[in-house]
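Undergrad: sequence first, then the predicted structure, then my questions.
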Amino acid sequence: MTIDESGVLVVGGGVIGLTSAIALAESGRRVRLISRDAAGGTTSAVAGGLCWPYRVQPYARAVRWSVRSYEVLAALAERPAETGARMVTGTMTAEVADGTAGPAAADDGLTAWYEAVPELRRARPDELPEGGASGWRARTPLVDMPAHLRYLERRFAAAGGVVERRPVTSLAEAGREAGTVVNCSGLGARDLVPDPGVYPVQGQLVIVENPGVEEWFVSAAPGAAETTYVLPQPYGVVLGGTACEHAWSREPNPAVAVAIVARCARRFPALARARVLAHRVGLRPARSEVRLAAERLPGGALCVHNYGHGGAGVTVAWGCADDVVRLIAEADAA
Ligand SMILES: Cc1cc2nc3c(=O)[nH]c(=O)nc-3n(C[C@H](O)[C@H](O)[C@H](O)COP(=O)(O)OP(=O)(O)OC[C@H]3O[C@@H](n4cnc5c(N)ncnc54)[C@H](O)[C@@H]3O)c2cc1C
């Protein structure tokens, strides 16, 4: 194996690996991306695709990354058929245990996000579920992830990037192939780094035929295991969801699916009768906070870690990719 000293090897072909690889390739670097799974088989392909910071820490950095991604995705939404991104209006609120909506507080750590999203405003009572709720109305990017991942792969190839489908068994081994490694292995970082602080937050979804839903709706209390979301995608409406910490199964649970549809039908009654098209389960790569930092591998190669994006990988990906490019440039200059 010859070392490509000035080249970059990105491990991971989900939304985090692909955006990092594109940002690097488009900045003039020679980039190879190695992924164990096809893009369609990643957690990223399961994501509902809403651009909104959720279950990701630290909030201050996550908001900065989210605002940057919002800008990129809003521009891509001008070409929805090509990129899979669209701008869609919707309502964000929080649901409390009795099924009514609780406060989506202004001091929930996302103030900078609320200030940055154009035209975001407090929801009026008639725009919220019953129960004296508060929430937000906003027009945000909503991304058809299977289509978006195909777009990202095409864009990476157009920038000269090369994809290899195989597992990487150690970062030190990767560092013997290229001068710089970018670790975007998601939940795989648990074994690859190894980092026992990375753990799954399992999410189940039901995809149904669209009975006429045009807006998105999310009610997700921080830390709750059950959420309600309704995301109209071109392939059907994505109904969610669950957030079960440390649950590893990827098998849809039929009882959970029934409960998801019932919760969503409280908001849009026609969903109760909508034909079910598919069931999906994905494992969010959670961590106490995103690890986006550089270190030297044993052989001396630079490694930039970019993993642990929890429930917001789609939302923060482009902002994180910018930081990856910056960290490598800083190491080059040092
Ligand atoms: C039900 C559900 C709904 C969601 N909805 C949203 C949403 O609306 N908005 C949002 O922003 N986020 C959402 N998310 C979160 C989002 O899906 C994740 O944060 C994001 O997909 C993480 O991307 P990733 O690239 O880090 O990981 P992944 O997509 O899991 O990709 C990891 C990559 O690393 C590769 N890999 C791992 N180990 C190795 C190895 N040893 N060698 C080689 N390759 C390796 C894998 O093959 C894969 O290519 C949702 C998640 C779930 C489960």
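TA: Done, it's in. Numbering: from 1, shown residues only.

Undergrad: any idea how far residue 41 lies from residue 188?
TA: Residue 41 sits 12 Å away from residue 188, going by CB to CB, to the nearest Å. Glycine gets a C-beta too; all of them are placed from N, C-alpha and C.

Undergrad: I meant to write residue 259 there.
TA: Residue 259 is 30 Å from residue 188, where distance means CB to CB.

Undergrad: between these two, which is the more surrounded one?
TA: Under the criterion of other CB atoms under 10 Å, the comparison of residue 259 against residue 188 puts residue 188 first, with 22 against 15.

Undergrad: helix, strand or coil: sort out the more buried one for me.
TA: Following DSSP: H, G, I helix; E, B strand; the rest coil, the label given to residue 188 is helix.

Undergrad: for the protein, give me the ranges with low pLDDT.
TA: The chain contains residues with pLDDT under 70 at 1-3, 95-108, 131-133.

Undergrad: just checking, what's the longest helix in it?
TA: helix 313-333 (DSSP state H).

Undergrad: tell me what it is packed against?
TA: helix 15-26, helix 43-46, helix 59-76, strand 178-183, strand 291-296, strand 302-307 (3 or more CB pairs under 8 Å, 6 or more residues apart in numbering; DSSP states H and E).

Undergrad: C-terminal to the first one, what's the next element?
TA: If you walk from helix 15-26 toward the C-terminus, the next helix or strand you reach (DSSP states H and E) is strand 31-35.

Undergrad: strand partners (parallel or antiparallel) of that next one?
TA: Taking DSSP bridges as the criterion, strand 31-35 pairs within the sheet with strand 4-11 (parallel), strand 162-165 (parallel).

Undergrad: so the first one, near the ligand or not?
TA: So the one you mean is strand 4-11. Yes: applying CB under 6 Å from any ligand atom, one finds that strand 4-11 is in contact with the ligand at residue 11.

Undergrad: now the shortest one
TA: No: judged by CB under 6 Å from any ligand atom, strand 162-165 makes no contact with the ligand; its nearest approach is 8.6 Å.

Undergrad: in stretch 287-297, what's buried?
TA: 287, 290, 291, 292, 294, 297 (16 or more other CB atoms under 10 Å).

Undergrad: cool, and stretch 214-226?
TA: Using 16+ other CB under 10 Å as the test for burial, stretch 214-226 gives 215, 216, 217, 218, 219, 220, 221, 226.

Undergrad: distance of the closest residue to residue 252 other than its chain neighbours from residue 268?
TA: Using CB to CB, 6 or more residues apart in numbering and skipping residues adjacent in sequence, the residue nearest residue 252 is residue 279, 3.6 Å away. Applying CB to CB, one obtains 19 Å for the distance of residue 279 from residue 268.

Undergrad: same thing with residue 200?
TA: Taking CB to CB, one finds residue 200 at 29 Å from residue 268.

Undergrad: now do the helices in the stretch 51-200 of the chain.
TA: With helices called from DSSP state H, counting those that start in this stretch, the stretch 51-200 of the chain shows them at 59-76, 80-83, 111-116, 145-158, 171-175, 189-192.

Undergrad: residues contacting the residue in the stretch 51-200 of the chain that the ligand sits nearest to?
TA: Closest residue of the stretch 51-200 of the chain to the ligand, CB to the nearest ligand atom: residue 188 (2.2 Å). The contact partners of residue 188, by CB atoms under 8 Å, 6 or more residues apart in numbering, come to 11, 12, 36.
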